[in-house]
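*Asks:* What follows is a protein structure lacking sequence information:
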């Protein structure tokens, strides 16, 4: 019996030793290879379209002074109503006339101790076609507006012009990418990613639009677009 126990114990030790040797033994086999990174070319292209603005936005202010707040507000209301009526008579629709500010301020004596009167103010913002801009300014001032700001010029079809600028930006990007590919000895593939960005900025010129009344210089407006494009390459 004792001999049998020794035989079983020895067999167990041999099995444990074999297991440890198997764990410690290095494994030989085919190692995984990392595929080469895909070649790409990323460029930024720009495009622009120059056009003549056809719309103008003006701000007109009507300011009145009186001894009391009630009198200043009443007179200002009358004057502002007259200006708005004159603007509509000159062809501006109600949708293009918007009150932007109404205010009432006390006026003090030189030593600042006494209120000597009040100033009431009403400001309206007006959008009009550029060809009518001079006539609109004359109408507002003639009806009592004593402050004019603007014009802010823009184009009515800006979305279409911006899309045209985007097309030019994409074309510019492709030309740049092709030049880089040629310089690097690569073949340019198709676009795999693209993002956009853009803006418009006025550029003044000296030509004047023909308008009745106050002269308004149209200038030009450049609609700009930019894109960043990533192309595959091989």
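*Replies:* That came through, no problem. From a predicted model like this one, the values you see are computed outputs, not experimental measurements.
*Asks:* what about the biggest helix by length in the chain, distance to the chain center?
*Replies:* Criterion DSSP state H: the longest helix present in the chain is helix 158-184. Counting by C-alpha atoms, centre = their mean, to the nearest Å, helix 158-184 is centred 20 Å from the centre of its parent chain.
*Asks:* How about stretch 115-135?
*Replies:* 28 Å.
*Asks:* and that stretch, what's its mean pLDDT?
*Replies:* On average, the pLDDT along stretch 115-135 is 93.
*Asks:* Equivalent analysis for stretch 142-156, please.
*Replies:* For stretch 142-156, the mean pLDDT works out to 91.
*Asks:* Could you count how many residues lie near residue 184?
*Replies:* 11 (other C-beta atoms under 10 Å). All C-beta spots, glycine's among them, are computed from the backbone N, C-alpha and C.
*Asks:* OK, contacts around it?
*Replies:* Taking C-beta atoms under 8 Å, 6 or more residues apart in numbering, we find residue 184 in contact with residue 233.
*Asks:* how much space between it and residue 38?
*Replies:* 15 Å (C-beta to C-beta, to the nearest Å).
*Asks:* Same question for residue 121.
*Replies:* Counting by C-beta to C-beta - residue 121 and residue 38 are separated by 64 Å.
*Asks:* So between the two, which is more surrounded?
*Replies:* Between residue 121 and residue 38, residue 121 has the larger neighbour count (other C-beta under 10 Å), namely 19 against 10.
*Asks:* hey, what's that one bridged with?
*Replies:* residue 63, residue 103 (DSSP bridges).
*Asks:* if we can go back for a sec, and the longest helix of the chain, which residues are buried?
*Replies:* 158, 161-162, 164-166, 168-170, 172-174, 176-177, 180-181 (16 or more other C-beta atoms under 10 Å).
*Asks:* Then stretch 112-125?
*Replies:* 117-125.
*Asks:* Kindly report the same for stretch 85-95.
*Replies:* Buried residues in stretch 85-95, counted by 16+ other C-beta under 10 Å: 86-87, 90, 92.
*Asks:* Also stretch 95-107?
*Replies:* Quick answer for stretch 95-107 (16+ other C-beta under 10 Å): 96-97.
*Asks:* List of residues touching it?
*Replies:* 59, 65, 69, 72-73, 84, 87-88, 115-128.
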